[in-house]
Every structure is written in structure tokens, then in C-alpha cells.
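J.: Prediction below, plus the sequence it came from.
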Amino acid sequence: MSHTSAPVPLTSAAGSPLKGTIRVPGDKSISHRSLMFGALAVGRTTVLGLLESEDVLATADAMRAVGAKIEKQDDGSYTVDGIGLGSLLEPEGVIDFGNAGTGVRLTMGIFGSHNIAATFVGDASLSKRPMGRVLDPLREMGTNVIARDGDRLPASIRGAEQALPITYRVPMPSAQVKSAVLLAGLNAPGVTTVIEPIATRDHTEKMLKGFGADISVSLNEAGERVIKLTGQPELKPQDIDVPADPSSAAFPIVAALIVPGSDVTIENVMLNEHRTGIITTLIEMGGDIELLNKRSAGGEEVADIRVKHSLLKGITVPAKRAPSMIDEYPVLAIAAAFAEGDTFMLGLEELRVKESDRLAAVARGLEANGIPCVETEDTLTVTGGASDIGGGTVVTHLDHRIAMSFLILGIAAHKPVTVDDGAVIATSFPTFTSLFEELGAKISANSSEAA
Ligand code: S3P
């Protein structure tokens, strides 16, 4: 069901311990990039384990609109017949990215150095999010842009006829911005350089190398990552096996930690060092989390993660860890509600510009459920161990991670928790409810049933 349809309130309630072995869907970042880079290669890329969520399917449509042929095969894999870098066709209609920030920002990068015109739209959440962080460097590279005030969607671009390779220092820790510049650099003659003062997820760099791009990463004297990409390579199609998304795995991990008696294993989860801050943090809080059967798959380390119910304690989560767990603060706040003492989270300014103002959305959701917290411009402190928590209705603001996090609260709280819209979960984790039901959780569209 599309999140643009009528909202579907969902309610979760405490029940039995969570038990079982599950597989969460493929990684969202890698899924988007598989389709994009496959479209830019010449020949057939095969993708196993693609995340079939609304966000990723929007990217598939965008790549089809410029000429790629993307099909689901009988064995569940996807094939992408790429049209080749430099050969993108001009899309006929507007490109609707729905809720997908990664999809639209990276695609703007790709289109920005192709001599085509395109108009991008999104849902109410995406239309509020800042696009200037991507459009500004693209303008420097020669892309023409017409956007709504404040560089919001809808936005139209005409890509540069001959893009200029630039040197760009990313002003905020954002893999989306880094990636948009690199992807524009792909079709610019010469070397595009991106300087990243704070390291963020490196899927673009790793995957572009796999597709045959000439890309190098080094550290300068100041310890900043310097990424150099030589433009106009011929990208070679790849066979990609998408590992499970650690950001989705975070939900069953936290749920198992806070529901007494639980013992859950999540298989084949990616352990990329720029994505695992949540695991480090939960282990520091006293979580019983084992990384089993560690192995390498498709250039990434993966493991099966076994989690048992644990007595957690509050800690300080340092600002420097934020980029490696940027999407996991909402669910960490739920874990913190069950920890002894205060959990103090620093360096959260980027949460203000996610699918919602996530810092405010989390704080209001906690308050609605009797959990004490203090929100500042860029920090959140959650006091754990309150009695009689739950019973509130949480406003999700079209934010999938707010919806899922507060449903996790409900399955461990004293009273059921309702989220005003669960349909938005389909943007990243369409099997969320069914997987949790498999583990024994009670999540229902009918609040009286769940209660
Ligand atoms: C992503 C980067 C992050 C993250 C998003 C996925 C990516 O966004 O929050 O869910 O795939 O590059 P920012 O780059 O804005 O931090």
C-alpha cells in the first residue's frame, strides 16, 4: 500500500517473549545504488535480494524513465539492462520520488551531468526537505536548476552539456551529498574530488569501484577522507547480492533487548563499519548481542546477530558516532526508555532534516507515552525506567522510522502504543509487521484487538 494513500493507524501491545530466526530485507542504500549503477553500466547487472520497498521501487522507475530496462525475474532477482553513462534519455513525465531522500538526491547527481531536463516531485515529507545541499554543488558543476523557495521540491534541472569536475568539501556529514557530487562527476571529464571531513557510509565509493570506476580514497594531513574520481569511465555490469539492512535489523535487535525472555537471531546482516554504531552503542549499554558466523559477502562483512533480553544501562553516545548510526536514534531512544538512568545522545543536528524533524518527533512520542526526555537543538536525553509507560498516540509525520520505533515501544511497554500512520513503513521495510508477528509480537491495525 502506498504511503500516499489514507493513513493506517497501527497499535502494538505487550505479549509473549520474542523468539525465532528471521531475515530482514536487503539494505536500502545498496539497493538504490545497485539500480542506479546498473543503469549507468553497459550490459546486464543482476541484483539478488533487492529491497522491494516504495523508496527503492521509485528509483527503479526513475532509471526506467531514462532508458534502463529493469525487470523482476522468476527467481526473485532483478535484472538491470543499463543504457550506459552519457547515454541517458530525457524522461517524459515528472519523476516522483515519493518519500525517498536518497533516491532523489543521488538521481539529481546522475542527471545533473547529463544534458537532459527532468522535474522531480515528492510527497509532503520529501517536499519539505532541503535539496540545496545537493543542488549547490551541482550548480557549480554547471547544472541549471529551478526549484521552489529554499531549494525544495518540486525542482527542475537541466543537466550540464559538459559538466565541470570540481573539488567539493562536504559541509555536513552526508553520504547523500557526497554521493550526488561523485555521481555527477562520473560524467564530467577529468577528476572530481570530494573531501569528507567526517566519514559517512561508503557504499558509493565501494560499489563504483566494483563497477569499474577509477576511484581512490585517501586521508589528508587533517585526517579527512579525500575521494578522487576520474570521470567518463565505462562502467561494467555486476552481479550484486544485497546483504540485510542493519538499519532495519536495529528494530528486532532493540525489541529483543527490551522484551523479557526474548532470544532472536537476525541473519546475514551487513556490518559495514559506517553503519554499525547502533550495535556498538547497545553493547556498551549492556546488551547481550553476539555476532555469529562472520563472513564476507559482496565486498561487505556480514554476520548473523543473536540478541537476548538484557538489563540495559544509560550511557553517553558521543557525537562522533552519529554518522555511523544516523538512522538509528529513534529506536535507540526506545531502548533508552528501558535502560537504568539517563542516555545522553550528542551531535544530532542532522536528525532535524530527515523524513521528519526526527529529534522533535521522537521527543513528542516519548512524552506522549510518559517517558521523560530533554531535547535541545542537537541533543536528546532519555531517562529510563519510568513506571506505567505507553498508552499514547504518536504522530509519525510520514516518517517510517518514527512509526517502527514507537511500535517497538508498544511491544515492551505497560500499555499499548498507537502510531497514527503505519502505511509509511512500506517505504523501507514492507515486511516489518509480518516479521514481528512471526517472532510473537502483537501489532494490529485494530487498537482494541492489540490491546
Ligand atoms: C543514506 C544516507 C543517509 C541516511 C539515509 C541513506 C544513503 O542520509 O540517513 O537513510 O544511502 O546515502 P544523509 O546522507 O542525509 O545523512
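T.: Received, thanks. Numbers count the residues shown, from 1 in each chain.

J.: going forward, measure contacts between C-alpha atoms and count neighbours the same way
T.: Fine.

J.: Close to the ligand: what parts of the chain are there?
T.: S29, T102, S174, A175, Q176, I326, D327 (Cα under 6 Å from any ligand atom).

J.: Quick check on those residues: which are buried?
T.: S29, T102, S174, A175, Q176, I326, D327 (16 or more other Cα atoms under 10 Å).

J.: Residue ranges in the stretch 351-451 of the chain under the pLDDT threshold?
T.: 446-451 (pLDDT under 70).

J.: ranges for the helices of it?
T.: For the stretch 351-451 of the chain, the helices defined by DSSP state H, counting those that start in this stretch cover 358-368, 400-412, 432-439, 447-450.

J.: Now do the strands in the stretch 151-300 of the chain.
T.: Along the stretch 151-300 of the chain, the segments classed as strands by DSSP state E, counting those that start in this stretch run 152-158, 167-169, 191-196, 214-219, 225-230, 239-241, 263-270, 288-297, 300-308.

J.: And the second one, what does it pack against?
T.: Okay, so that is strand 167-169. On a contact count with 3 or more Cα pairs under 8 Å, 6 or more residues apart in numbering; DSSP states H and E, strand 167-169 meets strand 191-196.

J.: and L88, what element?
T.: Following DSSP states H and E, there is no helix or strand that holds L88.

J.: List the contacts of it.
T.: Counting by Cα atoms under 8 Å, 6 or more residues apart in numbering, L88 touches V66, G67, H114, I116.

J.: can you pick the most crowded of the residues you listed?
T.: H114 (25 neighbours; other Cα atoms under 10 Å).

J.: Check the gap between the residue lying closest to that one once chain neighbours are set aside and I116 for me.
T.: Among residues not flanking H114 along the chain, G159 sits closest, at 4.9 Å (Cα to Cα, 6 or more residues apart in numbering). From G159 across to I116, the span is 5 Å (Cα to Cα, to the nearest Å).

J.: now swap in L89 and tell me
T.: On the measure of Cα to Cα, L89 and I116 end up 7 Å apart.

J.: Give me the domain ranges for the chain.
T.: The chain breaks down into these domains under automatic domain parsing: 10-26+243-450, 28-241.

J.: Got the phi and psi for A322?
T.: The phi/psi pair for A322 (degrees, to the nearest 10) reads phi -60, psi -50.

J.: okay, now the nearest residue to it once chain neighbours are set aside: neighbour count?
T.: Excluding the flanking residues, the one nearest A322 by Cα to Cα, 6+ apart is G347, at 6.4 Å. A count of nearby residues for G347, using other Cα under 10 Å, gives 18.

J.: G347 against D378, yeah?
T.: Yes - using Cα atoms under 8 Å, G347 is in contact with D378, at 5.6 Å.

J.: what sits up against stretch 59-75?
T.: Contacts of stretch 59-75 (Cα under 8 Å, 6+ apart): 32, 35-36, 39, 78-83, 88-92, 95-97, 103-104, 107.

J.: in stretch 61-79, what counts as buried?
T.: Buried residues in stretch 61-79 (16+ other Cα under 10 Å): D61, A62, M63, R64, A65, V66, G67, A68, K69, I70, Y78, T79.

J.: closest to D151 among these?
T.: A62 (20.4 Å; Cα to Cα).

J.: Surely G391 is in contact with V417?
T.: Yes - counting by Cα under 8 Å, G391 does reach V417; the two are 5.3 Å apart.

J.: So the two - more neighbours on which side?
T.: The residue with more neighbours, out of G391 and V417, is V417; 32 against 19, by other Cα under 10 Å.

J.: got the contact list for that one?
T.: Each residue near V417 by Cα under 8 Å, 6+ apart is listed here: 11-13, 369, 390-394, 406-407, 409-410.
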